[in-house]
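> whatever this is, show me its structure:
(one chain, ligands or ions: 2)
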Amino acid sequence: MNYFDLPKIDLHCHLDGSVRPQTIIELAHQQNLPLPSEDISEIKTLMVAPETCQNLDEYLMRFELPLSVMQTEEGLERISFEVFEDAAKENVKYLEVRFGPMLHLQNGLTFDQIIGSVVKGMKRAEEQYDIHGNYILSILRTMPKDRINEVIDAGAKYLNNGVVAFDLAGSEVSGFCHEFIPYAQYAIEKGYRVTIHAGEQGDGQNVHDAVSLLGAERVGHGIHIKGHPEAYELVKSESVALETCPSSNIQTKAVDNLSSHPIKSFHKDGVLITINTDNRTVSNTTMTDEVRKVVDEFDLTREDYFAIYKVSVEHSFAADAVKQHLMQYAE
Ligand SMILES: O=c1[nH]cnc2c1ncn2[C@@H]1O[C@H](CO)[C@@H](O)[C@H]1O
Ligand SMILES: [Zn+2]
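Ligands and ions are numbered 1, 2, ... in the order given. Prediction:
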């Protein structure tokens, strides 16, 4: 299979984890910000998480440098354009990018300016390339909750016009869902779709909670439903799609290595799985690489690949017309 040429869909990609190292250098110069180094390979080393991370928390430390240049409208617009451009150039036909608006307040931008800028960058790329996209607003589980509804309100203006869903991200502790029930409810009332990071560092019960308490239609990672029969059955019976991100899962120690990733056993058993990047820079990857790794490691056929592609289309938060367009690429 020619993995580069295959049509691909990425439903789980973080904006701040997918910034080009060269862009960090250029934006830091423009914004008069100090850089730890002027050398692109050193900047890249600082951004890519090693395979030897102890856990998710160590992986999450790699976002500080990119976030420092993502505090202006120009920076956000450019980085958004570039992630869609990079994806389009490797035949990603549809991309849902997520980011945490609360992480971009350091220079006094409003939530409307923050969300408006990334949507603008995405639309500029959609005009130029054969790619469609949407944004997912992530709330960081470790941050104060007092401004969550403000983020939801600000994003509502862009709903179905660039923004589609609500997510919870960041460090994962057991039982986190309980504290977020009113916020997920508020987002659903406003018209947001819901996907939640769960079962990555935390247990299968978190996945069960994300679906049953927060209304998650998709789950970020969800690996640890393995070993939790109730969560496993719920994910299957509710047709919840798992957004698996193989390279990231190895770095964060969610799995020991690729061969022990449950992606194939899930797929064979009818659990809906999708293949995604998580963070193009922090995980030093592309959709081409992620698809190659999975197909090679687990001996998937072209038919298997397109079955997964179709799951991604069906469970994307795209408009029906876009889904129909994406289905035309399927074999
Ligand atoms: O794999 C992940 N699991 C949980 N949180 C993550 C992951 N990758 C990135 N982020 C978090 O999401 C924020 C917004 O994009 C990032 O700043 C990072 O803290
Ligand atoms: Zn993620």
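> C-alpha from now on. contacts and neighbour counts both.
Noted.
> what number of residues lie near Gly270?
Residues near Gly270, counting by other Cα atoms under 10 Å, number 11.
> I misspoke; the intended subject was Val295.
What Val295 shows, counting by other Cα under 10 Å, is a neighbour count of 18.
> was I right to think it contacts Phe306?
No. Counting by Cα atoms under 8 Å, Val295 sits too far from Phe306 to count as a contact (11.2 Å).
> tell me the mean pLDDT for whichever helix or strand Asp86 is part of?
Assessed by DSSP states H and E, Asp86 sits inside helix 73-88. Throughout helix 73-88, pLDDT has a mean value of 99.
> ditto for stretch 167-174
pLDDT averaged over stretch 167-174 gives 98.
> least confident secondary structure element in this protein?
Lowest by mean pLDDT, DSSP states H and E among the helices and strands of the chain is helix 56-59, with a mean of 93.
> buried sites along that one?
Using 16 or more other Cα atoms under 10 Å as the test for burial, helix 56-59 gives Leu56, Tyr59.
> how distant is stretch 60-76 from the center of its chain?
On the basis of Cα atoms, centre = their mean, to the nearest Å, stretch 60-76 sits 16 Å off its chain's mean C-alpha point.
> which residues does Gly155 contact?
Phe111, Asp112, Ile115, Leu137, Val163 (Cα atoms under 8 Å, 6 or more residues apart in numbering).
> out of the residues you listed, who's nearest ligand 1?
Nearest to ligand 1 among those, counting by Cα to the nearest ligand atom, is Leu137 at 8.5 Å.
> beta-bridge partners for that closest one, please?
Beta bridges link Leu137 to Phe99, Phe166, judged by DSSP bridges.
> circling back: ok, then the element right after the least confident helix or strand of the chain?
In N-to-C order, the element after helix 56-59 by DSSP H and E is helix 64-68.
> now stretch 323-331 - C-alpha only, CSV.
What follows is stretch 323-331, C-alpha atoms only, in CSV (Å, rounded to 0.1, in the frame of the first residue of the first chain):
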residue,chain,number,x,y,z
LYS,A,323,-19.3,13.2,4.8
GLN,A,324,-20.7,12.4,1.4
HIS,A,325,-17.7,14.0,-0.3
LEU,A,326,-15.3,12.0,2.0
MET,A,327,-17.1,8.7,1.2
GLN,A,328,-16.2,9.2,-2.5
TYR,A,329,-12.6,8.5,-1.7
ALA,A,330,-13.4,5.2,0.0
GLU,A,331,-12.9,2.0,-1.9
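> how about that stretch, which residues are buried there?
Lys323, Leu326, Ala330.
> same deal with stretch 241-257?
For stretch 241-257, the neighbour count (16+ other Cα under 10 Å) marks 241-255 as buried.
> and stretch 8-26, by the same measure?
8-21, 23-25.
> ok, Val194 to Gly227 distance?
Distance of Val194 to Gly227, given as Cα to Cα, to the nearest Å: 24 Å.
> which of those two has more residues huddled nearby?
Val194 (25 against 11).
> for Gly202, see how far away the more buried one is.
Look at Val194 and Gly202: by Cα to Cα, they are 19 Å apart.
> ok, of the contacts of Gly155, which one's closest to Glu233?
Nearest to Glu233 out of the contacts of Gly155 is Leu137 (Cα to Cα; 27.8 Å).
> the closest one and Leu159 touch, don't they?
No. Between Leu137 and Leu159 there is no contact under Cα under 8 Å: 10.7 Å.
> more crowded one of the two?
A direct count of neighbours by other Cα under 10 Å for Leu137 and Leu159 places Leu137 higher, at 25 against 19.
> for that one, give me the pLDDT.
pLDDT at Leu137 comes out at 99.
> how close does it sit to Val313?
20 Å.
> now do Asn160
For Asn160, the distance to Val313 (Cα to Cα) stands at 16 Å.
> ok, the two, which is more surrounded?
Val313 (24 against 16).
> chain neighbours aside, what residue packs nearest to that one?
Lys323 (5.9 Å; Cα to Cα, 6 or more residues apart in numbering).
> which residues does the one you found contact?
Val313, Glu314, Ser316.
> could you single out the nearest of those to Gln106?
So of these, ranked by how close each gets to Gln106 (Cα to Cα), first place is Ser316, at 31.7 Å.
> pretty sure that closest one sits in a helix.
No. Applying DSSP: H, G, I helix; E, B strand; the rest coil, one finds Ser316 to be coil, outside a helix.
> who's in contact with it?
Ser316 neighbours (Cα under 8 Å, 6+ apart): Leu11, Lys323.
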